[in-house]
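Enquirer: Got a sequence here, can you model it:
(one chain, ligands or ions: 1)
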Amino acid sequence: MIVAAFAGGGDGGCSGGCGLVVVAVVMAMVHGMKAATLSSDPLVVVVDDELKSKEWEIGVLKDEIAAMQGIRIRRTPPIGPPANYVGTFEDLHYEDTAPRNKLEEIVWTKYGEVAEMKEKIALSSLKNALGNAPPPRDFVGSLKESYLRTGLPGLIAEVKKASPSRGVLRENFNPVEVAKAYEKGGAACLSVLTDVKYFQGSFENLEAIRNAGVKCPLLCKEFIVDPWQLYYARTKGADAVLLIAAVLPDIDIKYMLKICKKIGLAALVEVHDENEMDRMLAIDGIELIGINNRNLGTFKVDISNTKKLLEGERGEKLRQKNIIVVGESGLFTPADIAYVQEAGVKAILVGESIVKQKDPTKGIRELFGKDISA
Ligand SMILES: O=C(O)c1ccccc1NCC(=O)[C@H](O)[C@H](O)COP(=O)(O)O
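Expert: Next up is the predicted model:
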């Protein structure tokens, strides 16, 4: 086991906690080196090489910790150590270099995109810009209010032009028009895809909807891999963000939840299976858990996933913790809504079935089998 070897343990009994200590130590070293890089020391080149090596080691360790938590999504392609690497990991083999599934491909692309964005906009600038951002609105409160008003799951209606599994869902896509139609139809909140490459979304769409006076709180539907994105989303007017348990280890979820709280973002934490649900149930401070019925590896949609994850002790624990469960993906008919509501959800996230309708307001009426706007 890499972490144990690196930690000098080697007895195979090193838990995720041990790995975290190792990461903390390496990070402290990296921070020390970053400080050195800023100086005019003649050893700067050597320090730069070491810095690259240490950052690479952190990536390896993070994947190792994630794997221990059952996460199969690797953060970056396993490209091997930087040139001149001298260290603990040089014996690793890099055969499995293609993404294992679409989600992993999206995550790798996102890492690259975010790295480029971070070069252009420093975190400190984003922090300074927070004061000028449109004020955060109560995403969770809006879902609760809708549920109490209608007796039906609060609707998070998704502004989604296209998806990897279904291709283009709506030609002549006007995000503001769709958002207004959803609001008119009784949506409690909106989800706005901001990923460009795979969903043809954008942060411009999010900003445009916010600036058009739409009152529904907005979820920034993005693949978050770095805390920088949380600040960016907030400065663009998001009220909530998505944290995907299949992508983020517990330590990242905990850290990001803290940041969200600090900057006024609600967090929808998304799970797909029992392992992810159990991991999230062990974390304090989660208010919203989304159960995605779409397997993000195979794209297969099965709404019985929601029921399966809410049965027995898990359902009981969710109720005890007052967590609102959101049923996500593959919901098309009033019977589907009744099925997931019966299973215990109090909110739903719906894209395809309503965005494809000529009139999305009417699409919402058909989805629920009644007018939920009044
Ligand atoms: O929708 C996809 O094809 C997809 C592929 C890979 C990762 C995520 C994906 N979708 C994100 C979502 O979870 C859905 O957009 C959302 O739950 C709404 O689903 P639906 O009502 O089925 O459009």
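Enquirer: The nearest residue to residue 243 once chain neighbours are set aside is in what secondary structure piece?
Expert: Distances taken as Cβ to Cβ, 6 or more residues apart in numbering place residue 269 nearest to residue 243, at 4.9 Å, with adjacent residues excluded. For every residue, glycine as well, the C-beta is placed using N, CA and C. Using DSSP states H and E, residue 269 maps to strand 266-271.
Enquirer: Buried residues of that strand, list them for me.
Expert: 266-271 (16 or more other Cβ atoms under 10 Å).
Enquirer: same thing with stretch 310-317?
Expert: Those buried within stretch 310-317 under the rule 16+ other Cβ under 10 Å are 310, 314.
Enquirer: thinking again about what came up before, just the buried positions in the next helix or strand after the strand holding residue 269, please.
Expert: On the C-terminal side of strand 266-271, the closest following helix or strand by DSSP H and E is helix 274-281. In terms of neighbour count (16+ other Cβ under 10 Å), helix 274-281 has its buried residues at 276-277, 279-281.
Enquirer: which intervals of the protein have sub-threshold pLDDT?
Expert: 1-46, 88-96 (pLDDT under 70).
Enquirer: try 90
Expert: The chain contains residues with pLDDT under 90 at 1-101, 295-299, 374.
Enquirer: for the ligand, what are the nearby residues on it?
Expert: 102-103, 158, 160, 163-166, 292, 294, 296, 299, 328-331, 349-353 (Cβ under 6 Å from any ligand atom).
Enquirer: List only buried entries from the residues you listed.
Expert: Neighbour-count burial (16+ other Cβ under 10 Å) is assigned, among those, to 103, 158, 160, 163, 292, 294, 296, 328-331, 349-353.
Enquirer: thinking again about what came up before, I figured the residue nearest to residue 243 hits residue 286, correct?
Expert: Yes. Judged on Cβ atoms under 8 Å, residue 269 makes contact with residue 286 at a distance of 5.3 Å.
Enquirer: residues bridging contact with the two, i.e. touching both?
Expert: Contact criterion Cβ atoms under 8 Å, 6 or more residues apart in numbering; residues shared by residue 269 and residue 286: 257, 280.
Enquirer: what's the closest of the buried residues of helix 274-281 to residue 84?
Expert: Taking Cβ to Cβ as the measure, residue 84 lies nearest residue 279 of these, at 37.5 Å.
Enquirer: so what's that closest one up against?
Expert: Counting by Cβ under 8 Å, 6+ apart, residue 279 has contacts 69-70, 245, 250, 271.
Enquirer: Let's see that with 7 Å instead.
Expert: 69, 245, 250 (Cβ atoms under 7 Å, 6 or more residues apart in numbering).
Enquirer: Check residue 216 too.
Expert: Contacts for residue 216 (Cβ under 7 Å, 6+ apart) come out as 142, 183, 187-190.
Enquirer: Just flag the most distant two among the residues you listed.
Expert: 142 and 183 (11.1 Å).
Enquirer: Let me know the helix or strand that residue 254 is in.
Expert: helix 250-263.
Enquirer: do you know how far the residue nearest to residue 243 is from residue 296?
Expert: 15 Å (Cβ to Cβ, to the nearest Å).
Enquirer: ditto for residue 153
Expert: From residue 153 to residue 296 the distance is 22 Å (Cβ to Cβ).
Enquirer: now swap in residue 126 and tell me
Expert: 28 Å.
Enquirer: now do residue 125
Expert: In terms of Cβ to Cβ, residue 125 sits 32 Å off from residue 296.
Enquirer: Could you do residue 74 as well?
Expert: 14 Å.
Enquirer: Output the longest helix belonging to this protein.
Expert: The longest helix of the chain (DSSP state H) is helix 44-68.
Enquirer: Past that one, which element shows up next along the chain?
Expert: Heading C-terminal from helix 44-68, the first helix or strand you meet, by DSSP H and E, is helix 102-120.
Enquirer: what's the angle from that next one to helix 44-68?
Expert: 150 degrees (axes from the mean of the first three to the mean of the last three Cα atoms, to 10 degrees).
Enquirer: Buried residues in helix 102-120, which are they?
Expert: In helix 102-120, counting by 16+ other Cβ under 10 Å, buried: 103-111, 113-114.
Enquirer: can I get those residues in TSV with distance to residue 121?
Expert: Below are the buried residues of helix 102-120 laid out as TSV (distance: Cβ to Cβ, whole Å):
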residue	distance to residue 121
103	26
104	26
105	25
106	22
107	21
108	21
109	19
110	16
111	16
113	12
114	11
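Enquirer: quick one on the thing from earlier: how far does the helix holding residue 254 sit from the chain's center?
Expert: 12 Å (Cα atoms, centre = their mean, to the nearest Å).
Enquirer: returning to that earlier point: which of the buried ones among the residues of the chain next to the ligand sit farthest apart?
Expert: 103 and 353 (22.1 Å).
Enquirer: How about the residue of the stretch 251-374 of the chain found nearest the ligand: what's its closest non-neighbour residue?
Expert: The nearest approach of the stretch 251-374 of the chain to the ligand comes at residue 351, 2.9 Å away (Cβ to the nearest ligand atom). Nearest non-adjacent residue to residue 351, counting by Cβ to Cβ, 6+ apart: residue 158, 3.4 Å away.
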